[in-house]
Structures are given as C-alpha cells and as structure tokens.
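Engineer: please find the sequence and the predicted model below.
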Amino acid sequence: EVQLLESGGGLVQPGGSLRLSCAASGFTFNSYAMSWVRQAPGKGLEWVSAIVGSGGRTYYADSVKGRFTISRDNSKNTLYLQMNSLRAEDTALYYCAKHDGVSGRSGYPAEYFQHWGQGTLVTVFS
Amino acid sequence: DIQMTQSPSSLSASVGDRVTITCRASQSISNYLNWYQQKPGKAPKLLIYAASSLQSGVPSRFSGSGSGTDFTLTISSLQPEDFASYYCQQSYSTPWTFGQGTKVEIK
C-alpha cells in the first residue's frame, strides 16, 4: 500500500524558512516523479514543484521559483521542499503526491496524481 | 502558462440529478487532463485520468470526455457522497495547473 506522510509544517514569520519532508513507502520510490501541491485556506489547489525519480530534473511554479527548492533522498525514500523567503501568500496546506502515468497522445506520458499525503500546514504570519 | 477555467464555480443539485462540470484550457492539451474530487479536510481523490479513463475503484456514474481545449466531467446520477469540490488539472506542460474548482452542494 502506497503511503505518503508529510511533516515539517509550522508557524514562521515572513522572510523565514521551513523544510518540509514527505516519507514514502509501499512503492519503488526512485522510479517515480513526485510533486508538492498546496492549498491555501478555503482556496483551490496549486501545483508547486516536481522532481523526477533520479532527482536530475526539477520544475517549479513561477510563484515559488527562486525561493523554494525540491529535492529527494532516494536512499531514505524521502521527498523534501526547502522553502526560503516565505511570504504570507505561502500559507497553505502542503501535500506531496506521487506521479503515475499512461501513454499520452502527444508521445509522452499523461501523468496524474493517484496518491496523496494528508498534508502539512504552513502558516506565515507577522 | 496554460490556464484552466472550470464552470460553474458552484452548483446546487439533488440526489439523482445528472451533473455536468466543464473545464476549458487556454490552449490545446490533447488528452492530458485529470479530474479530482475533494471533500472537506481530505486530500484530493483521483477520479478520471487522461481525459476519459476511470480510475480503478471509482463508481461508473462518473465519466470524463473531451480533447483539445474542452473537457467535461459528468456524474450520471448524483449520490449523497458526491457532494464535494471537483478540480480539473492539466499535465500537458509545466507548470501544471488546476482549475479553480467546482463546489457541488445539496439543493
């Protein structure tokens, strides 16, 4: 059974830093890309960042580029999100999600998030 | 970035109703479109992937259709457990983007 368990959330002042972790189990971790997706209180879902299975390629939303860094330790089956220069608008529940995919019509996989963690709450307050 | 626009933002319906939610992409995304259901306090749940493939374990009253820029999620006969928020998401290109969500409420 796939399990994803986030941790590391908390209260932080604007300009501060936090590192989120996502402990994965139940699948071959290094074979799958992973993402962070966040949800501000009462708002919709926002994709934040993704990393391929090897860790060799990373992707970011414009809203976090240059401030957040995604990484993974495949020996520990753990995904990370280092968040620096935090702003009030970064306040959200942060989910990690496992990528799965099927053949897509444009020659590359049509990816989706079948498995999600329960989320960890980050609150940036002044 | 590809913008995803869902309509309506909310709707009220009765048990047994047929419900349709639409999602429009700002450019063609082929079939790289997924649908999720989210209930309060819970993580999103995958319903439909690649525009029309039903995720294992999801009731057959849910269906997805469309390609290119226009997509539809249909619930053929709304059940009490279907009252929730629904989101579309494109995986055609990064940054991956979600629609703003549709809240389905009890009439």
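Structural biologist: The structure has been received and is ready for your questions. Residues are numbered from 1 along each chain as shown, chains lettered A, B, ... in the order given.
Engineer: so what's the most centrally placed residue in chain A closest to, chain neighbours aside?
Structural biologist: The centre of chain A sits closest to A:Trp36, judged by C-alpha atoms, centre = their mean, with a distance of 1.8 Å. Across the structure, with C-beta to C-beta, 6 or more residues apart in numbering or on different chains as the measure, the residue nearest A:Trp36 apart from its sequence neighbours is A:Val48 (4.3 Å). From N, CA and C alone the C-beta is placed, and that goes for glycine too.
Engineer: next, count neighbours for that neighbour.
Structural biologist: 26 (other C-beta atoms under 10 Å in any protein chain shown).
Engineer: tell me the secondary structure at it.
Structural biologist: Applying DSSP: H, G, I helix; E, B strand; the rest coil to A:Val48 yields a three-state assignment of strand.
Engineer: which strand runs longest in chain A?
Structural biologist: Scanning chain A for the strand with the most residues, using DSSP state E, yields strand A:92-102.
Engineer: tell me the contacts of the residue nearest to the centre of chain A?
Structural biologist: With contacts defined as C-beta atoms under 8 Å, 6 or more residues apart in numbering or on different chains, the neighbours of A:Trp36 are A:20, A:22, A:47-50, A:70, A:79, A:81, A:94-97.
Engineer: any idea which element A:Gln114 lies in?
Structural biologist: strand A:110-116 (DSSP states H and E).
Engineer: residue contacts, the residue of chain A positioned farthest from its centre?
Structural biologist: When distances are taken from the C-alpha mean of chain A, A:Arg105 lies farthest, 26.5 Å away, according to C-alpha atoms, centre = their mean. The neighbours of A:Arg105, taking C-beta under 8 Å, 6+ apart as the test, are B:Ser30, B:Asn31, B:Ser67.
Engineer: also B:Ser63?
Structural biologist: Contact analysis of B:Ser63 by C-beta under 8 Å, 6+ apart lists B:Ile48, B:Ser52, B:Leu54, B:Leu73, B:Thr74, B:Ser76.
Engineer: B:Ser77 is in contact with B:Arg61, correct?
Structural biologist: Yes - applying C-beta atoms under 8 Å, one finds B:Arg61 in contact with B:Ser77, separated by 5.4 Å.
Engineer: how far off centre is stretch A:39-51?
Structural biologist: Relative to its parent chain, stretch A:39-51 has a centroid offset of 9 Å by C-alpha atoms, centre = their mean, to the nearest Å.
Engineer: no, scratch that, I was asking about stretch B:22-29
Structural biologist: Averaging C-alpha coordinates over stretch B:22-29 and over its chain gives two centres that are 12 Å apart (C-alpha atoms, centre = their mean).
Engineer: which non-adjacent residue is nearest A:Lys98?
Structural biologist: Leaving out its chain neighbours, the residue that sits closest to A:Lys98 by C-beta to C-beta, 6+ apart is A:His115, at 4.3 Å.
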